[in-house]
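*Asks:* coords below, sequence missing:
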């Protein structure tokens, strides 16, 4: 998988964390730098860790389905993208503004927003991926977008949140189609 695809996957995965960061920016108005740093570290760290754990899990059974790896990756990424789009239209999203200075809440949010990254890691086990490079890109992109998201938050939270998740979902679905087409025709 090429670097551009990894970068786009990283952006798609980071959209949940970015949306939470934007929505939580108003809560952290007085200590914005501290909240932005904490969100970036937690979200970026978990987004980097989960694909690695997913890859380890997927590697255990990748030999059994090696000829169908492009189908597995396609299904996982398309389902994650579809879930992100579906979640964006739910009337009461589970992840709204939160106190990013409460580290228990922040850890819970970091795990919740990185579950998709675990599934992407599983799909990496079926693809030719430079794992450490991919994990680093995912973590760095999420770190930066989460940090920026806290600063964007407040007045803009409701304006962007749903569109951000739809955008991330569409990116993942597009990458899944690319993987499937490459697997079928290359």
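*Replies:* Received it, and whenever you're ready, just let me know what you need. Computed from a predicted model, the values in this text were never measured in an experiment.

*Asks:* can I assume residue 84 is in contact with residue 16?
*Replies:* Yes - assessed by C-beta atoms under 8 Å, residue 84 is found in contact with residue 16 at 7.1 Å. C-beta here means a position set from N, CA and C on the backbone, and glycine is covered the same way.

*Asks:* contacts for stretch 54-63 next, please.
*Replies:* For stretch 54-63, the external contacting residues (C-beta atoms under 8 Å, 6 or more residues apart in numbering) are 69, 117-126, 129, 131.

*Asks:* same list (those) but as a markdown table, adding distance to residue 183, neighbour count and secondary structure.
*Replies:* Shown next, in a markdown table, are the contacts of stretch 54-63 (distance: C-beta to C-beta, whole Å; neighbours: other C-beta atoms under 10 Å; DSSP: H, G, I helix; E, B strand; the rest coil):
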| residue | distance to residue 183 | neighbour count | secondary structure |
| --- | --- | --- | --- |
| 69 | 7 | 18 | helix |
| 117 | 22 | 29 | helix |
| 118 | 22 | 22 | helix |
| 119 | 18 | 22 | helix |
| 120 | 16 | 28 | helix |
| 121 | 18 | 27 | helix |
| 122 | 16 | 22 | helix |
| 123 | 12 | 27 | helix |
| 124 | 14 | 26 | helix |
| 125 | 14 | 23 | coil |
| 126 | 9 | 25 | coil |
| 129 | 14 | 22 | coil |
| 131 | 19 | 15 | helix |
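
*Asks:* farthest pair within those?
*Replies:* 69 and 117 (18.6 Å; C-beta to C-beta).

*Asks:* chain center to the helix or strand where residue 108 lies: distance?
*Replies:* Residue 108 belongs to helix 103-124 when elements are defined using DSSP states H and E. Remark: helix 103-124 is offset 8 Å from the chain centroid, using C-alpha atoms, centre = their mean, to the nearest Å.

*Asks:* next SSE after that helix?
*Replies:* Downstream of helix 103-124, the next assigned helix or strand under DSSP H and E is helix 131-152.

*Asks:* so what secondary structure elements neighbour that next one?
*Replies:* helix 3-24, helix 32-59, helix 103-124 (3 or more C-beta pairs under 8 Å, 6 or more residues apart in numbering; DSSP states H and E).

*Asks:* okay, the angle between the last one and helix 32-59?
*Replies:* Between the axis of helix 103-124 and that of helix 32-59 there is an angle of 40 degrees, by axes from the mean of the first three to the mean of the last three C-alpha atoms, to 10 degrees.
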